[in-house]
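Student: Everything below, folded, please.
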Amino acid sequence: MGVAKLWPLLDESSSRKSLYELTMDSTNRPPHAFRLGVDVSLWFFHAEYGQEGENPELRTLFFRLEILLRNPILPLFMFDGPGRPAWKRGRRINTWSENALTDGLKAFIEAFGFEWRYAPGEAEAELAYLNAAGIIDGVLSDDVDALLFGAKTVWRNPSSAHAQTSATEKRNFVLVFQDVKLSRAELILIALCAGGDYSPEGLPGCGPNTAEGLARAGHADTLYRIATTLTRAELPVHLCTWRAEIIKELRTNSSGCLGHKHGKLANSVPETFPDINILLAYTEPVTSPLEKYNDIDWMKKEPNIPAIAALCEMYFEWGYKESIVKRFRTLIWPGLAVRVLRRYIIEGEQGKDEKLVWRKFAGDEVVDAGELGWMTKIHRTRQHQSAGRALQYRVEVDVSVPVHLAEAGVHGLRRPAGTGLYAADPWQFETEDRAIDPAQDPRRPLLIWLPGVMVERARSALVEEYEDMVRRRKGKKKSKGKKKVTEEMSGNDEPPPSPRKKKTTALSTTPHTPMKRKANPAFLSTPSSSSKILLALDKVPKTKTLSSPTKTPSRKPAPFPMDLEHEFGSLSPRKDRDLYWVARHLLNYRRIVR
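Tutor: Residues are numbered from 1 along each chain as shown. Next up, the predicted model:
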């Protein structure tokens, strides 16, 4: 989308970073999270690929919200408004109307504790304006137009540029475009020449490299100054002069920025280039006054667990109590733990009151968390690639309260498949009194990797307890090592105790009566290889019982008896390994028991 040919020119200004790296610095200052603008129109476009199940498009959006919840991110979702341009990508855009997914997405956004707004025109232009003004910290978009509209920081999903991107990278990494070498004026000129959303054909015959050369020659700054300082009535005269300058540059390459002369392109520049409407759409897009966003309180909202559960029950086929609680364990609780950590930091001393904290996540439900210890223990640490090698703690959390809140939001509108009045098991619908497997108990403790920076700020006592435990373990290991060295240097001449011998049981010399097989007459006419072995071994003469069962056998196997040589003499220990050794072991067995 946007100027597709412009992304390669910006590769040098991009860096691949994890969401963890990008958001941790923002936790040290209010609102203790990264404020990220999201262009909803692109999410609607991606959601069209959702398949199977009930409401697959909305389910795709739900999973995207869950990814944002796992990180200290405060999204601002921006919807396109009625003032967006009527023409885009060479075709007339339909009259502004609501997307069929809008109502469902809005409900989920509010339940997750996120913000949404309508732009007066294009959402990406509004987000770029807010980013330049410092209202948000970055823009999440696959459309390069956000940079043309003046955005300072743009996050792009790696899967947008690389189809082979792994699932881990899609969830945890983005391409960050910050401090782009090309100015906004240069980006606009490249879009006008190479083609963009508003003018896909651009300047016929002009590619992105030639357009970049014209921009670096100074013609981009001149055009931008004309468009932003003059009235619309004054533009035609000044644009005529500017057009003559770029035609001269194409013919002579006087600046040396083009690489070579472009005489044919210079002769084909139309008198209508650039289109004034398209130029002004880039330089002066329709945006809102900043006062419109004064009501956003980034410190107030938190996820509403009962509301999320109720929406899942309404829209998804797995929306019954047991499945919701089971899925929330992996989908919602990890992100909820991050938001609870942030709430601890915001509340300060009051954050030690668990009941006060959980009221923020309970909606209208009553929380009884008098004896709750949400984060009970730290088990270990790591510095994983998915988090940019930053410190993380493996924290054990008690999920009994969030499970209670999720169950409170479910109204029993759905039942699991195969249950209820027509279930195969007539008692299957009575699940309340059934015993719960401890391994499947949704209230069992959960281990979650959490950002080290946030854990140390929010629960310093828990970190100190873990560090004390680590020191004690190291001390025990050192004391064991010192004890061993002391014993070796004590001069004790007594030999060390001999290792305990294993008890061996002698083989019984009592002959065993072999079990007789009942032969099936139906198979005697065509004996198999195994039956041939058994019949031939019956011919072996009886021998005396071995007096010494522990006698070491010779390495080279003894030859078969003469009467069996014609039966098994052609077998090779290598080629016919299985059959050969079956015959050999059976032969030894018969010799022992006879």
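
Student: Run a quick neighbour tally on E12.
Tutor: Close neighbours of E12, defined as other CB atoms under 10 Å, add up to 10. All C-beta atoms are positioned from the backbone trio N, CA, C, and that covers glycine.

Student: Could you pick out the longest strand of this protein?
Tutor: If you go by DSSP state E, the chain has its longest strand at strand 375-383.

Student: Can you give me the buried ones in the helix or strand just after it?
Tutor: Once strand 375-383 ends, the next helix or strand along the chain (criterion: DSSP states H and E) is strand 391-397. Neighbour counts over strand 391-397 (16 or more other CB atoms under 10 Å) mark Q392, Y393, V395, V397 as buried.

Student: Was I right to think the first one contacts H384?
Tutor: Spelled out, it's Q392. Yes: between Q392 and H384 there is a contact under CB atoms under 8 Å: 6.5 Å.

Student: Tell me where the stretch 101-250 of the chain has helices.
Tutor: For the stretch 101-250 of the chain, helices defined by DSSP state H, counting those that start in this stretch occupy the ranges 102-111, 123-133, 145-148, 167-172, 184-194, 208-214, 220-229, 235-252.

Student: got those helices as JSON lines, with distance to H46, mean neighbour count and mean pLDDT columns?
Tutor: Listed next are those as JSON lines, based on distance: least, CB to CB, whole Å; neighbours: other CB atoms under 10 Å; pLDDT from 0 to 100:
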{"stretch": "helix 102-111", "distance to H46": "12", "mean neighbour count": "18", "mean pLDDT": "96"}
{"stretch": "helix 123-133", "distance to H46": "15", "mean neighbour count": "25", "mean pLDDT": "96"}
{"stretch": "helix 145-148", "distance to H46": "16", "mean neighbour count": "27", "mean pLDDT": "92"}
{"stretch": "helix 167-172", "distance to H46": "11", "mean neighbour count": "15", "mean pLDDT": "70"}
{"stretch": "helix 184-194", "distance to H46": "23", "mean neighbour count": "26", "mean pLDDT": "92"}
{"stretch": "helix 208-214", "distance to H46": "25", "mean neighbour count": "22", "mean pLDDT": "92"}
{"stretch": "helix 220-229", "distance to H46": "32", "mean neighbour count": "17", "mean pLDDT": "95"}
{"stretch": "helix 235-252", "distance to H46": "38", "mean neighbour count": "16", "mean pLDDT": "95"}
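
Student: Ok, which of these comes nearest G363?
Tutor: G363 lies closest to helix 102-111 among the helices of the stretch 101-250 of the chain, at 8.8 Å (CB to CB).

Student: Which residues does the closest one contact?
Tutor: 40, 43, 55, 58, 61-62, 65, 75, 77, 79, 115-116, 303-304, 307-308, 311, 315 (CB atoms under 8 Å, 6 or more residues apart in numbering).

Student: Strands - which of the residues you listed land there?
Tutor: P75, F77, F79, E115, W116.

Student: what's the closest of those residues to L148?
Tutor: Using CB to CB, the ones in strands among the contacts of helix 102-111 come closest to L148 at F79, 20.1 Å.

Student: now the helices of the stretch 101-250 of the chain in CSV, with distance to L36?
Tutor: Shown next, in CSV, are these (distance: least, CB to CB, whole Å):
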stretch, distance to L36
helix 102-111, 13
helix 123-133, 9
helix 145-148, 12
helix 167-172, 15
helix 184-194, 21
helix 208-214, 28
helix 220-229, 28
helix 235-252, 36
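
Student: so which of the ones you listed gets nearest P200?
Tutor: Across these, closest to P200 is helix 184-194 (CB to CB), at 9.9 Å.

Student: Only the C-alpha atoms, please, for that closest one, written as PDB.
Tutor: The C-alpha trace of helix 184-194 is given here as PDB (Å, rounded to 0.1, in the frame of the first residue of the first chain):
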ATOM      1  CA  ARG A 184       9.100  14.500   4.300                       C
ATOM      2  CA  ALA A 185       9.500  16.800   1.300                       C
ATOM      3  CA  GLU A 186      11.700  14.300  -0.500                       C
ATOM      4  CA  LEU A 187       9.300  11.500   0.200                       C
ATOM      5  CA  ILE A 188       6.400  13.500  -1.200                       C
ATOM      6  CA  LEU A 189       8.300  14.200  -4.500                       C
ATOM      7  CA  ILE A 190       9.200  10.500  -4.800                       C
ATOM      8  CA  ALA A 191       5.500   9.600  -4.400                       C
ATOM      9  CA  LEU A 192       4.400  12.200  -7.000                       C
ATOM     10  CA  CYS A 193       7.000  10.900  -9.500                       C
ATOM     11  CA  ALA A 194       7.100   7.100  -8.900                       C
END
